[in-house]
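[1] Fold the following and give me the result.
(one chain, ligands or ions: 1)
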Amino acid sequence: MKTPQDIVLHHLNNSRSQRILWLLEEMGVAYTVKHYQRDAKTNLAPAELKQVHALGRSPVLTDGTLVLAESGAIIEYLTETYAPQFKPSSPEALIQYRFWLHFAEGSLMPPLVARLVLGKAREKAGPFFIKPIVNKLVDGIIAAYYGPNLEQSLQYVNAHLANNEWFAGDALSGADFQMSFPLEAMQGRVGKGLYPHIDAFVQKIHAREAYQRGLEKGGKYAYA
Ligand SMILES: N[C@@H](CCC(=O)N[C@@H](CS)C(=O)NCC(=O)O)C(=O)O
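    Okay, the predicted model is just below:
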């Protein structure tokens, strides 16, 4: 097994890289965090992140000469290289693991991000006589697609968590790190109380010592 020596997590505040901090803390390995702050106006990552990876988004993980973006790819790399305990071994759990790794960014994040962006469009709409038109347009788009799409996904996740302690198999795995962010972001935007099993899951992971250590390392995080 390779020993981690020079892992650096390029961490943007209030971002998906919080899930990688949690994973690194659960792994108990040595690593360095390089902090980046979102632009106060645009909420985008600073340009210096593009010097690390051309996409300029967080998380980015470097390990020696390796520079890796995409949370799912980072989780797979870390578990396969250093922490096999977080990759299920049974074929059934492995199928679940892959499903949730993809579902988090492929199905759950897009409607959440769309709602955030549309909400911003609503806030910024002006002058005053344009506002009702923009509001109507935004409400129409959410009602026609993103709202029901998100609701269906969240019901599905909630039902899974009603019958399962973890996302894949009966132990904490990469799927849980990957799913943590959209569920936290959902609570931040939609609120708590609608999906009791999701709420219980988020509360459970937030209570873990490693999660709390990750929070300390990452600095202020809006979703925990
Ligand atoms: N699917 C990618 C998404 C990466 C991403 O969009 N990260 C956001 C933070 S949550 C970001 O860097 N946003 C700032 C920007 O795009 O400038 C992943 O899972 O890593």
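
[2] in the helix or strand containing residue 189, what counts as buried?
    Secondary-structure assignment from DSSP states H and E places residue 189 in helix 174-190. Going by neighbour count (16 or more other C-beta atoms under 10 Å), the buried part of helix 174-190 is 174-187, 190. C-beta here means a position set from N, CA and C on the backbone, and glycine is covered the same way.

[3] what residues are up against the residue most central in space within the chain?
    For the chain, the residue nearest the mean C-alpha position is residue 181 (2.8 Å; C-alpha atoms, centre = their mean). If you count contacts by C-beta atoms under 8 Å, 6 or more residues apart in numbering, residue 181 has them with 16, 18, 19, 71, 104, 109, 223.

[4] and which of the buried residues of helix 174-190 is nearest to residue 166?
    For these, the closest approach to residue 166 (C-beta to C-beta) belongs to residue 176, at 5.6 Å.

[5] And that closest one, what's its pLDDT?
    If you check residue 176, the pLDDT there is 98.

[6] Excluding residues flanking it in the chain, which one is nearest it?
    residue 167 (5.2 Å; C-beta to C-beta, 6 or more residues apart in numbering).

[7] can you check residue 94 too?
    Once its chain neighbours are removed from consideration, residue 94 has its nearest residue in residue 88; the separation is 5.1 Å (C-beta to C-beta, 6+ apart).

[8] ok, the one you found touching residue 176?
    No - Residue 88 is not in contact with residue 176 according to C-beta atoms under 8 Å; the separation is 10.9 Å.

[9] neighbours around residue 165, how many?
    For residue 165, the number of neighbouring residues by other C-beta atoms under 10 Å comes to 12.

[10] swap in residue 217?
    Taking other C-beta under 10 Å as the neighbour definition, residue 217 ends up with a count of 18.

[11] before we move on, the earlier item: give me the phi and psi for the residue nearest to residue 94.
    Per-residue torsions, residue 88: phi -60, psi 150 (degrees, to the nearest 10).

[12] now the helices for the protein?
    Listed from the start of the chain, the chain has helices (DSSP state H) covering 17-27, 71-81, 91-103, 109-124, 131-141, 147-163, 174-190, 196-206, 209-218.

[13] and those helices as CSV, adding distance to the ligand?
    Written out in CSV, the entries for the helices of the chain read as follows (distance: least, C-beta to the nearest ligand atom, whole Å):
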stretch, distance to the ligand
helix 17-27, 7
helix 71-81, 4
helix 91-103, 10
helix 109-124, 7
helix 131-141, 21
helix 147-163, 16
helix 174-190, 7
helix 196-206, 17
helix 209-218, 12
